[in-house]
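*Asks:* Got a predicted model here, sequence first, then my questions.
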Amino acid sequence: MKLPIDPIYSPSLNIKVYDNRLGGAHRPLVATGSLDLSKLLPWAKGEGRKKKIKLLNSTPAPVVLASGSSTRREDVVTAPPIGVPTALPPVASMSVAGPGADVHINIPEDEGLPLLSDRPRARPVTSDPSPVRTLGDVAASVIPGTEDPSPHDPPEDTEEAAQGGLRPHVAAELEDEYIPPFETLTLYRGKKAGINLFEKLIAKKGQTFFRVGQMKLRLFIEEKGANASPMPSLKDMYAPKPYVLRLYVLKCHSLMPKDRSGSSDPYLVISSKGMGSNTAPSKLIKDTNSVQNRTLNPAYFKFYELPVTLPGDSELSVAVWDADRLGSDELIGETTIDLENRIFSQDWTKLSQKPIEYRDLYHPSSVHSQGQVSMWLDILTPEQAASTPPVPIGPPVQKQYELRVVIWNTKDTAFRDKSMSDIFITAYPEGLKSQNTDTHYRSENGEGMFNWRMVWPITLPLKNPRLKLQLWDKDLLNPNDVIAEATVDLKGFYKRAYKEDGTRRWTIDRQFVSLTHPNYQGVQSKLEMELQLLTAEEARTHPVGLGRGEPNNDPFLAPPDRPDTSFNPFSPWSYLKFVAWRKHRVKVIAALVCCILVVILPVLIGILKVFL
């Protein structure tokens, strides 16, 4: 057949499927489909068809100092990983974004996992569905020393001793990153006459055709001539063969809740079947032992192995169900993988390590994602499976540390009372008990002096690597007032410590962090602080006390040199000394003089009468 040179004028390939009845005497039309040839023509330059699987490196990118010996984050240039745009990330300024927004202090913003697919997709989401903060929508502060040293590294989800390190990953479904070897054609059937009642219920207004199935085909288009290659035998190319399917499921992220409590009890169901089959799956694993109660972010680290025949068992389904004690279990969402498009794809088979992919989970009743599952898939021949052991996976090894936070001073603190504030600081890593400083009473210039140490035991990796800071105004009769707060993201700080096995101590130098309040414009206070993270062994070797208690070292915290006006107003002696005396000292002196005169004057008069 003749085809146009310009692919814009390319025709469509129409396919009709008939049912052969009565030995061919009656052949009713079953379905029809249409395939666009414009992107399949060999002379069309393959626009929109040429793709290459882009993986993110699992090793940190090299760091080159810009000049001198500076190691500040804003002075370094990082070579991007494969597949990451080369443009440098934006640098946040010192200006305040608006009410309730924290200041980002000259640190490039963490762009998270880059999106590799052209179509918009949800990023891998945080595993914490709860709000980051309790006082409005305050963004996490990024201070020098806490930025992620390798934000494009894959999550630390696996212990892959057999593969030697972390596995590469893609931030989407893998089939979005390569061209499948087959064309999948959707088949439809129309109706000349009226539709029945059931079809009316599922049909859209004016719809007279319905989807009835799918067809998978391989299309070859070559220019006619002496150099044309012979037509390959599809029967020989795609003869059914046995394979061993190995599925590694790591975690699920932000699942849709199914219980009234706003949570779910998710477990996994793995199955395989032929493409578009409405029959029961040929292989089914209902892993009720994987149930995790009351969570939307279950961590499974499960390995499944299924025998499959390809072509044949073309669809692998990974479904997440909610277990119910009363009533039947509910489907949360599932993702379907076309195994034939993988095993017969040269791009996929050339990958030495199959990457971790983040796949959206869908429910038949909704077009929106019901969450994500992180996983990877291997397809092996029986010989390969017999000689290659499964990759051992499991949650990351937990390590014990001690977090030390020193609160030095505050400045530029907004007043909640008329002309002064009684300032104290509350701090806590999320999920741990809060600690308070002592109170700097009667701050008249917005400054507070503390020299106060706080200590917490920390287990890494931590689910919510954030430090909450709150500055309060203390009241006697009324509830204490929150002046300002900030949330410091310590993900990069913790990540660096977790990876550096030879180091025993990590420090973020003394610096100011801006605190804001969602109901007030601008920065409400600036808090001077420093952080130290020590291994548990190092902390036992070099202990420190809380507050300014003993042992008081590293650093030594002297009692703050607060002004005389900073005193406890609830102490009677302090009140007489600093309030009554300062405000009424003239009257007090006058009263004392009068009292002395009253006592001495009669005596003087009596003496004078004796001598006179």
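*Replies:* Yep, it's here.
*Asks:* Dihedrals phi and psi, the closest residue to S369 other than its chain neighbours?
*Replies:* Excluding the flanking residues, the one nearest S369 by CB to CB, 6 or more residues apart in numbering is D360, at 4.1 Å. From N, CA and C alone the C-beta is placed, and that goes for glycine too. Note on D360: its backbone torsions stand at phi -70, psi 140 [degrees, to the nearest 10].
*Asks:* repeat for P382
*Replies:* phi -60, psi -40.
*Asks:* count of residues packed around it?
*Replies:* 12 (other CB atoms under 10 Å).
*Asks:* Wait, it touches L245, no?
*Replies:* No. P382 is beyond contact range of L245, at 11.5 Å (criterion: CB atoms under 8 Å).
*Asks:* Bridging across strands, which residues link to L245?
*Replies:* Beta-bridge partners of L245, counted by DSSP bridges, are L306, I379.
*Asks:* What score does it have for pLDDT?
*Replies:* L245 is assigned 93 on the pLDDT scale.
*Asks:* Tell me how many other residues crowd it.
*Replies:* L245: 23 neighbours (other CB under 10 Å).
*Asks:* And the helices in this structure?
*Replies:* Here the chain has its helices, by DSSP state H, at 197-202, 234-237, 340-343, 346-349, 382-387, 491-499, 536-541, 572-575, 581-611.
*Asks:* just to revisit the earlier point, quick check: the residue nearest to S369 vs V30, distance?
*Replies:* 32 Å (CB to CB, to the nearest Å).
*Asks:* and these two? which has more neighbours close in?
*Replies:* For the pair D360 and V30, the greater number of neighbours falls to D360 (16 against 13), based on other CB under 10 Å.
*Asks:* Double-check the more buried one against C252; I have them as touching.
*Replies:* No. With contact defined as CB under 8 Å, D360 does not reach C252; the gap is 11.1 Å.
*Asks:* okay, and the common contacts of the two?
*Replies:* G371, Q372 (CB atoms under 8 Å, 6 or more residues apart in numbering).
*Asks:* who touches the closest residue to D378 other than its chain neighbours in this structure?
*Replies:* Closest residue to D378 in three dimensions, ignoring its sequence neighbours and counting by CB to CB, 6+ apart: R246, at 4.2 Å. By CB under 8 Å, 6+ apart, the residues touching R246 are F303, Y304, E305, L377, D378, I379, L380, A385, P390.
*Asks:* F415 now?
*Replies:* F415 is in contact with S421, G446, counting by CB under 8 Å, 6+ apart.
*Asks:* now swap in V482 and tell me
*Replies:* Per CB under 8 Å, 6+ apart, neighbours of V482: L135, Q470, L471, W472, D473, H517.
*Asks:* Which two among these are spaced furthest apart?
*Replies:* L135 and D473 (14.0 Å; CB to CB).
*Asks:* Flag the shaky bits of the stretch 201-350 of the chain, pLDDT-wise.
*Replies:* Across the stretch 201-350 of the chain, the ranges flagged by pLDDT under 70 are 201-208, 225-229, 231-232, 275-281.
*Asks:* If you average pLDDT per helix and strand, which one of the protein comes out bottom?
*Replies:* Lowest on mean pLDDT, DSSP states H and E among the helices and strands of the chain sits strand 63-65, with a mean of 27.
*Asks:* what's the distance between the closest residue to L234 other than its chain neighbours and L40?
*Replies:* Closest residue in space to L234, ignoring its immediate chain neighbours: R218 at 6.5 Å, by CB to CB, 6+ apart. Per CB to CB, R218 is found 11 Å from L40.
*Asks:* what do you get for T516?
*Replies:* Distance from T516 to L40, counting by CB to CB: 56 Å.
*Asks:* More neighbours: L135 and D473, which one.
*Replies:* Using other CB under 10 Å, the more surrounded residue of L135 and D473 is D473, with 21 against 17.
*Asks:* quick one on the thing from earlier: TSV for the contacts of V482, including pLDDT?
*Replies:* TSV is the format used below for the contacts of V482 (pLDDT from 0 to 100):
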residue	pLDDT
L135	29
Q470	95
L471	94
W472	93
D473	90
H517	93
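*Asks:* Now intersect those with the strands, please.
*Replies:* Of the positions in those, Q470, L471, W472, D473 sit in strands, assigned by DSSP state E.
*Asks:* Take the residues you listed and lay them out in CSV including distance to G446.
*Replies:* Shown next, in CSV, are these (distance: CB to CB, whole Å):
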residue, distance to G446
Q470, 17
L471, 11
W472, 14
D473, 12
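*Asks:* now the residues you listed: which count as buried?
*Replies:* Taking 16 or more other CB atoms under 10 Å as the criterion, what is buried in those is Q470, L471, W472, D473.
*Asks:* Bridging across strands, which residues link to D360?
*Replies:* Residues in beta-bridge contact with D360 (DSSP bridges): Q372.
*Asks:* and it, how far is that from S317?
*Replies:* Taken as CB to CB, the span from D360 to S317 is 14 Å.
*Asks:* between these two, what contacts are shared?
*Replies:* Common neighbours of D360 and S317 (CB under 8 Å, 6+ apart) are T335.
*Asks:* now the contacts of V482 as JSON lines including distance to Q532?
*Replies:* Converted to JSON lines, these look like this (distance: CB to CB, whole Å):
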{"residue": "L135", "distance to Q532": "27"}
{"residue": "Q470", "distance to Q532": "21"}
{"residue": "L471", "distance to Q532": "21"}
{"residue": "W472", "distance to Q532": "24"}
{"residue": "D473", "distance to Q532": "29"}
{"residue": "H517", "distance to Q532": "28"}
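*Asks:* Nearest to T410 among those residues?
*Replies:* L471 (6.5 Å).
*Asks:* what's the spacing between that closest one and E315?
*Replies:* For L471, the distance to E315 - CB to CB - is 57 Å.
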